[in-house]
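J.: next input, structure requested:
(one chain, ligands or ions: 2)
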Amino acid sequence: MNMKIAVLPGDGIGPEIMAEGCKVLCKIGETFGHTIELEEALVGWTAIDAVGEAFPDATQEACDHANAVFFGCVGNPERDMTVPQQERPERCAVLRLRTGNYANLRPAIVYGALAGQSVVKPEIIGDGLDILIVRELTGGLYYGQPRGVTREGDSARGVDTLSYTTEEIVRVSRVAFEAAQRRSKKVCSVDKVNMLASSQLWREVVTKVGENYPDVELTHMLADRACMELIRDPHQFDVIVTGNLFGDMLSDEAAVLAGSLGMLPSAAIGDGKPMFEPIHGSAPDIAGQGIANPIATILSGAMMLRHAFGLDAEAQAIERAVESALGDGFRTPDIHVPGTDKVNTQGMGDAIAERIAQG
Ligand code: IPM
Ligand code: MN
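T.: Ligands and ions are numbered 1, 2, ... in the order given. Sure, this is the predicted structure:
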């Protein structure tokens, strides 16, 4: 197969982790006989510094030419506050790249080798965990109108709007039910039906869509309770489907179950150009030191092979290689414990690339 991929490393640790993500993809190309064309483009503060805007036209063109977008991370908390919100990389790059991609798949997998490292007690994690959070990505509080800050004299008012339409809920819940059919056939829909009108519709619509998937068991849970249950008894969950903001929060929470934010990949799919990115941010505090964990990015590459190109065996080859590198004791500092082998970003990328094998 011939794959054209736009590579957008972005800010902070982005270039370091993305180099390893691309290394592993190229190893897949060699091993399985695929041609992988990578076109790198600027995004975020890196792009602002180079050409004056966070999402230059050339970057849009690179994405338009490609079959999929491989994204690192953007943002710099110190500089983010120096520009109006609509000019921040998160808004003008991330949200733009998500256009059309209404479903965000965020698998939270706790590998057996890291089970002891979760912040949650070992008896709760058991020998691992595999949850899929399906986060609605193009609606909800991030987009609803009206939004903005209005000022009058010394006083001001900040407004965001939480709105969901039937169509928006139907399409993302279908993604969740279909994913559940390939897994353990359970969907838990998370909302805040006791307080929010948008949640009232959310629950109504998810329930209706669920009638078309009689083989999948649907439950509902309030978002605050879900935060608590995810830590108290994570094994009760298989697929979680939820709105944009709840999904943002629950997926960070799921990441601490996995032992580190550096472990969780994601896929943004739907009607847009599919985009794959680690769920963590640009971590400016450790940028440039070569110590960031590249696994979330490498696993995002696996999701790209599976979801953008239908290459399941290749995706599994990456996932197995990650498991095997962890099993052999390779650890970046964020997941390092005594008795394991501390490696840097590149060392982890190499360990995983070396373990790529067919079948
Ligand atoms: C994420 C991030 C983004 C979000 C930011 C960078 C806009 O936190 O992907 O989880 O809030 O969606
Ligand atoms: Mn987030």
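J.: OK, contacts around the spatially closest residue to residue 169 that is not a sequence neighbour?
T.: Leaving aside its sequence neighbours, residue 169 sits nearest to residue 205 (Cβ to Cβ, 6 or more residues apart in numbering; 4.0 Å). Glycine gets a C-beta too; all of them are placed from N, C-alpha and C. For residue 205, the contact set (Cβ atoms under 8 Å, 6 or more residues apart in numbering) comprises 166, 169-170, 173.
J.: looking at those residues, spot the one nearest ligand 1.
T.: Nearest to ligand 1, judged by Cβ to the nearest ligand atom, of the contacts of residue 205 is residue 169 at 18.5 Å.
J.: could I get the buried residue list for the helix or strand where the closest one lies?
T.: In this assignment (DSSP states H and E), residue 169 forms part of helix 166-181. For helix 166-181, burial by neighbour count (16 or more other Cβ atoms under 10 Å) applies to 168-169, 171-177, 179-180.
J.: before we move on, the earlier item: can you list the contacts of residue 205 in a markdown table and add distance to residue 304 and pLDDT?
T.: Shown next, in a markdown table, are the contacts of residue 205 (distance: Cβ to Cβ, whole Å; pLDDT from 0 to 100):
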| residue | distance to residue 304 | pLDDT |
| --- | --- | --- |
| 166 | 30 | 98 |
| 169 | 26 | 98 |
| 170 | 26 | 98 |
| 173 | 24 | 98 |
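J.: quick revisit: quick check: the residue nearest to residue 169 is in a helix.
T.: Yes: per DSSP: H, G, I helix; E, B strand; the rest coil, residue 205 lies within a helix segment.
J.: and it, what's its pLDDT?
T.: At residue 205, the model reports a pLDDT of 98.
J.: and it, how far is that from residue 32?
T.: Residue 205 is 40 Å from residue 32, where distance means Cβ to Cβ, to the nearest Å.
J.: the residue nearest the centre of the chain: helix or strand, and which one exactly?
T.: Centroid-nearest residue in the chain, with Cα atoms, centre = their mean: residue 266, separated by 2.7 Å. Assigned by DSSP H and E, residue 266 falls within strand 265-269.
J.: show me where this structure has strands.
T.: 2-10, 35-40, 68-73, 103-110, 129-136, 144-152, 155-161, 186-191, 217-222, 239-242, 265-269, 275-278, 330-331, 341-342 (DSSP state E).
J.: got JSON lines for those strands, with mean pLDDT and distance to residue 302 too?
T.: Shown next, in JSON lines, are these (pLDDT from 0 to 100; distance: least, Cβ to Cβ, whole Å):
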{"stretch": "strand 2-10", "mean pLDDT": "98", "distance to residue 302": "13"}
{"stretch": "strand 35-40", "mean pLDDT": "98", "distance to residue 302": "14"}
{"stretch": "strand 68-73", "mean pLDDT": "98", "distance to residue 302": "11"}
{"stretch": "strand 103-110", "mean pLDDT": "96", "distance to residue 302": "10"}
{"stretch": "strand 129-136", "mean pLDDT": "97", "distance to residue 302": "14"}
{"stretch": "strand 144-152", "mean pLDDT": "96", "distance to residue 302": "33"}
{"stretch": "strand 155-161", "mean pLDDT": "98", "distance to residue 302": "34"}
{"stretch": "strand 186-191", "mean pLDDT": "98", "distance to residue 302": "23"}
{"stretch": "strand 217-222", "mean pLDDT": "98", "distance to residue 302": "28"}
{"stretch": "strand 239-242", "mean pLDDT": "98", "distance to residue 302": "18"}
{"stretch": "strand 265-269", "mean pLDDT": "98", "distance to residue 302": "7"}
{"stretch": "strand 275-278", "mean pLDDT": "97", "distance to residue 302": "9"}
{"stretch": "strand 330-331", "mean pLDDT": "97", "distance to residue 302": "17"}
{"stretch": "strand 341-342", "mean pLDDT": "96", "distance to residue 302": "23"}
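J.: that'll do, ta.
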